[in-house]
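K.L.:
What follows is a predicted protein model with its sequence.
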Amino acid sequence: MPQPTTTAPEGDQARANGGDAVAGRLLQQRLELVEDLWQTVLRSECPAEQSERLLRLKQLSDPVALEGRDGDSTSEAIVALIKAMDLSEAIAAARAFSLYFQLINILEQRIEEDSYLDSLTPNGQTKDSESTSGNDGFDPFAPPLASQTDPATFGELFQRLRRLNVPPAQVESLLQELDIRLVFTAHPTEIVRHTVRHKQRRVATLLQRLQSDHTISLQERDTLRQQLEEEIQLWWRTDELHQFKPTVLDEVDSTLHYFQQVLFDAMPQMRRRLTSALNRSYPDVRFPQASFCTFGSWVGSDRDGNPSVTPAITWRTACYQRQLMLERYISSVGALRNQLSISMQWSQVGAPLLESLEMDRLRFPEIYEELAARYRLEPYRLKLSYILERLQLTLKRNNQLSEAGWQSPRDIDNGSASPLPNGDPLHYSTIDEFRIDLELIRNSLVSTELSCEPLDTLLHQVHIFGFSLASLDIRQESTRHSDAIDELSRYLQLAKPYGEMEEAERVTWLLKELATRRPLIPAAVDWSDATAETIAVFQMLQRLQAEFGQRICNTYVISMSHTASDLLEVMLLAKEAGLVDPLGGHASLLVVPLFETVEDLQRAPGVMEDLLNTELYRKLLPLTGAQQLPLQELMLGYSDSNKDSGFLSSNWEIHQAQIALQDLGSRSGVALRLFHGRGGSVGRGGGPAYQAILAQPSGTLQGRIKITEQGEVLASKYSLPELALYNLETLTTAVVQNSLVTNQLDATPSWNQLMSRLASRSREHYRALVHDNPDLVAFFQQVTPIEEISKLQISSRPARRKTGAKDLSSLRAIPWVFGWTQSRFLLPSWFGVGTALASEVDSDPQQLDLLRRLHQRWPFFRMLISKVEMTLSKVDLDLARHYMTSLGAAENRESFERIFQVIADEYTLTRKIVLQITGQSRLLAADQGLQLSVDLRNRTIVPLGFLQVALLKRLRDQNRQPPMSESITASDDGRTYSRSELLRGALLTLNGIAAGMRNTG
């Protein structure tokens, strides 16, 4: 089948090696239109001389147009052109190139979506490869994970499994256990305004119509072209920068936008495609439950280092999510009432439905009086009218609760007191009540041999989203809980305060307190602000579950988990709020440790073994699956482990931890759900999701996985309907394939020993530069735009964990990656890899053959090399040196030169050894589509880099002084610029480079 192009080099829609020639051809064909539109808008919106200079700047970055010209002279010409610009023209240049890259991003997304649509049959199902080709190249004897790592649709996957003779019972068993959870987060990586996203979606729609294969008239083509120009002009006149720092609720609204625009409708379609494909290859296998793929969110509930996320904000977030779902359901039920005009004169109606109408008549006499005559012979319409009334009352109550806050009384008056003797409320108190009403209608239709697709779609949405839309995960840093309990212990005057206890003493004391029903936290105590907030979170959570049900928020993630006491502290605080009943063996909260640093990843199996061997802890775990095994969720952090020890070491430690934890789960009779905290960039665990899932250790998934989706990744994957479907479908097939098609490659002793040596050597080299070099922090702060990044109004969360701290440990992993990416070093994604690989080959040249074999056969190793190769292709050390020489302080010149030389030597070494392993003469040579995309961006982004350096230099030279005269050209014309004007220009270049790199943090 045609393969979608690799459009986002570090995004999950990337498709390795697949259809690269087709993708490249489409990109070249359609690029002409986009560049023509861009030039047309610049000429219409900028003064003539300015637009020509901007186009000249673009031309200077095109090696094809300047073939044979010396690279140094080209750079000098770019710098000279930029130096001649005044601030307004520099800002125009930054905006122009940002617009260009965002148009290219839209173009590539459209190619991705079109390629996926082309792979579908007219009825919307995926084509089987056997129906499109007599020989699909399938080799049943090849190692499945080595030969079948291109993303597969449902049709391809089930055909692949059938040809591997995977038994239907095994397929069915896995599908019944399938549990995929995608957690949307609001980390500061979404740099594009919500308003601009609307413009981009409009442009994407117009491009789709203009570039469609369907024949359109010349007049229609001209109209579409004119509409595109108008839309891009409106976009040009829209401010790209956030005018104010977004609030948490702004981030909630922005994130939920993807559900409203795409995911509500995409999820039922995905299930239909799955069931259709399953019917063709495994007709006797039962379909998975409707909610096999669900969603979570940290937006409004992740309070780790974000003081803006309060209990009140989390409560309002939950209310807002329910409001969106209720409004959606009200609209759908209204449409169903219009459609289901079935008359009892011409059709039978199920007895249960008629009986329910009698109960509804007693519950809503006013509705009966108003509509009984109109719908006397139309029972479906009457039933749906009652449902609409209940939904409206539920929405009214929800809005009242949102305004009243989480401390409002449970019996808040919303006019829904029931006239029935049992006193049941008139509103829907649970999603099950709504679902049962809808199923009554469907069962009645089915009993009379009728079907209704909109009703089935609505039921699918009810199963997947409920009233809560996405489950909110609470996240908090571990010391917040230990500090709160320490303060409590001192108030209670324990013989030894909690903060002074050793780990074993803490565990003993916590287990003792958990085993009693006696309250521990006294009421009406004047706690410190931090402790009061910590306690209030658990009280709010109990109130939230009481009102919304456990589904809305039943997971508590502990970042920086180190020991067993970190988990037991949360359970004790939850017990005090009524969320955990150890003596009764019941808990409505799943406590999830987040192991992030290398040391914590290595300790994780031991920590969890101690806990799982503790009867009190184990019996509080929820039961899952057909075997009703206790379920333990564990989160693995890619970001901090990478910042701590480098790319190769981080990935290997996570890989090893998964194997050890799964082995522990098997021995302990506990089901594990691994929660992967992946970011958008390779340095934070990002990259193609399909290959990443196949590279997970064989046997560790077992149909269960949870993954974070962050920042710009949301826009690249879920902005367009078919693109969202493609990503959801291939992610699901990767989980199924990894779970069913196992191998023993991860257990090869010599390979594991080799990887341990590589990880150790890589970590040693990385830490020598990043942690042990006293000049590295100054280098990073001066040579990258990290300080300016912190001024971007893109997140409610601060860039540093500790206010005022300037050390590396306080800096969050996201701006750490963002800074290196902007200055084109991309150091977190590759540094240390070359030294490790080369040291192995230097000690024994035959090891190169082994590394090549690993790259061919072992999915984990191939994924590592693939990510490093892609990242290296985006490094530009010439531009990076320009950042260093222009922005580095004179007194640091020698130390910075030494650091740069270390980085340059490592880059050269890494590039050389990667090419030796892949057997290619050039990076990305095996994926021409990705290579073309990266080349296009690499060359066009150069002027933005020089422009950013010029603006940062002007900005920093002012040294926080009042506006001063600047020499813009050779002669001083006396122009003055305020810091805010210069900062605005610099921030616009951040936007542009982020768009060009398809990545922020």
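P.N.:
Arrived safely. Quantities reported herein were computed from a predicted structural model and do not represent experimental measurements.

K.L.:
buried residues in whichever strand or helix holds Asp849?
P.N.:
Taking DSSP states H and E as the criterion, Asp849 maps to helix 847-857. Residues of helix 847-857 classed as buried by neighbour count (16 or more other CB atoms under 10 Å): 848, 851, 854-855, 857. Every C-beta, even on glycine, is put in place using the N, C-alpha and C of the backbone.

K.L.:
those strands in this structure, which residues are they?
P.N.:
For the chain, the strands defined by DSSP state E cover 179-185, 293-297, 471-477, 555-559, 580-581, 586-587, 590-595, 623-624, 629-637, 671-677, 704-710, 964-965, 976-977.

K.L.:
Using CSV, please lay out those together with mean neighbour count, mean pLDDT and distance to Cys319.
P.N.:
Below are those laid out as CSV (neighbours: other CB atoms under 10 Å; pLDDT from 0 to 100; distance: least, CB to CB, whole Å):
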stretch, mean neighbour count, mean pLDDT, distance to Cys319
strand 179-185, 23, 94, 18
strand 293-297, 22, 96, 14
strand 471-477, 23, 97, 11
strand 555-559, 23, 97, 19
strand 580-581, 18, 95, 25
strand 586-587, 16, 94, 25
strand 590-595, 24, 97, 23
strand 623-624, 14, 93, 29
strand 629-637, 22, 95, 26
strand 671-677, 23, 93, 26
strand 704-710, 24, 91, 23
strand 964-965, 12, 46, 50
strand 976-977, 16, 65, 45
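
K.L.:
Make TSV out of the ones you listed and add distance to Lys83.
P.N.:
Listed next are the strands of the chain as TSV, based on distance: least, CB to CB, whole Å:
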stretch	distance to Lys83
strand 179-185	41
strand 293-297	47
strand 471-477	46
strand 555-559	46
strand 580-581	65
strand 586-587	65
strand 590-595	48
strand 623-624	64
strand 629-637	44
strand 671-677	43
strand 704-710	37
strand 964-965	16
strand 976-977	15
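
K.L.:
how about the ones you listed, which one is nearest Arg442?
P.N.:
Nearest to Arg442, of all those, is strand 293-297, at 21.4 Å by CB to CB.

K.L.:
Pairing partners for the closest one, with directions?
P.N.:
Its sheet considered, strand 293-297 pairs with strand 179-185 (parallel), strand 471-477 (parallel) by DSSP bridges.

K.L.:
As CSV, these with distance to Arg337 would be great.
P.N.:
Shown next, in CSV, are the strands paired with strand 293-297 (distance: least, CB to CB, whole Å):
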stretch, distance to Arg337
strand 179-185, 32
strand 471-477, 30
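
K.L.:
Which one, of these, ends up nearest to Tyr428?
P.N.:
Evaluated over those, closeness to Tyr428 peaks at strand 471-477, with 18.6 Å, by CB to CB.

K.L.:
how far is that closest one from where the chain is centred?
P.N.:
15 Å (CA atoms, centre = their mean, to the nearest Å).

K.L.:
go on, stretch 690-710?
P.N.:
In this view, stretch 690-710 has its centroid 14 Å away from the chain centroid, taken as CA atoms, centre = their mean.

K.L.:
now Pro352: how far from His460?
P.N.:
Note on Pro352: its distance to His460, by CB to CB, to the nearest Å, is 22 Å.

K.L.:
Between these two, tell me which one has more neighbours.
P.N.:
Neighbours per residue (other CB atoms under 10 Å) separate Pro352 from His460, with His460 holding more: 18 against 13.

K.L.:
That one: what's it in contact with?
P.N.:
Counting by CB atoms under 8 Å, 6 or more residues apart in numbering, His460 touches 267-268, 271, 290.

K.L.:
looking at the residues you listed, which has the most residues close by?
P.N.:
That'd be Met267 among these, by other CB under 10 Å, with 25 neighbours.

K.L.:
now, which of the contacts of His460 sits nearest His586?
P.N.:
When the contacts of His460 are compared against His586 (criterion: CB to CB), the nearest one is Ala290, at 26.6 Å.

K.L.:
So what does the closest one have for phi and psi?
P.N.:
The phi/psi pair for Ala290 (degrees, to the nearest 10) reads phi -60, psi -30.

K.L.:
if I look at the closest residue to it other than its chain neighbours, how far off is Val262?
P.N.:
In space, and not counting its chain neighbours, Ala290 is closest to His463: 3.6 Å by CB to CB, 6 or more residues apart in numbering. For His463, the distance to Val262 (CB to CB) stands at 18 Å.

K.L.:
For Thr885, which of the strands paired with strand 293-297 is the nearest?
P.N.:
Nearest to Thr885, of all the strands paired with strand 293-297, is strand 179-185, at 36.9 Å by CB to CB.

K.L.:
contacting residues around stretch 947-956?
P.N.:
For stretch 947-956, the external contacting residues (CB under 8 Å, 6+ apart) are 79, 82-83, 90, 93-94, 97, 785, 788, 822, 882-883, 886-887, 966, 977, 979, 982-983, 985-986, 989-990, 993.

K.L.:
Weed out the non-buried ones from those residues.
P.N.:
79, 82, 90, 93-94, 97, 785, 788, 822, 882-883, 887, 966, 977, 979, 982-983, 985-986, 989-990, 993.

K.L.:
Tell me which of those fall in helices.
P.N.:
Among these, DSSP state H puts 79, 82, 90, 93-94, 97, 788, 822, 882-883, 887, 979, 982-983, 985-986, 989-990, 993 in helices.

K.L.:
Flag the least confident of the contacts of His460.
P.N.:
In terms of pLDDT, the lowest of these is Ala290, showing 88.

K.L.:
Hmm, that one is touching Leu459, no?
P.N.:
Yes: between Ala290 and Leu459 there is a contact under CB atoms under 8 Å: 7.5 Å.

K.L.:
dump the residue contacts of Glu560.
P.N.:
Careful, residue 560 is Met; it's not Glu. Applying CB under 8 Å, 6+ apart, we find Met560 in contact with 477-479, 594, 596-597, 600, 640.

K.L.:
make it 7 Å
P.N.:
477-478, 596 (CB atoms under 7 Å, 6 or more residues apart in numbering).

K.L.:
What degree of burial does Met359 show, as a neighbour count?
P.N.:
11.

K.L.:
if I look at it, how far off is Tyr368?
P.N.:
11 Å.

K.L.:
again with Pro828
P.N.:
Distance from Pro828 to Tyr368, counting by CB to CB: 66 Å.

K.L.:
more crowded one of those two?
P.N.:
The neighbour comparison of Pro828 against Tyr368 (other CB under 10 Å) goes to Pro828, with 27 against 19.

K.L.:
Surely the more buried one is in contact with Thr821?
P.N.:
No: when contacts are counted by CB atoms under 7 Å, Pro828 is not listed as touching Thr821 (8.7 Å).

K.L.:
In contact with the spatially closest residue to Arg202 that is not a sequence neighbour, which residues?
P.N.:
Distances taken as CB to CB, 6+ apart place Glu231 nearest to Arg202, at 5.3 Å, with adjacent residues excluded. For Glu231, the residues meeting the contact criterion (CB under 7 Å, 6+ apart) are 199, 202-203, 206.

K.L.:
Much appreciated, bye for now.
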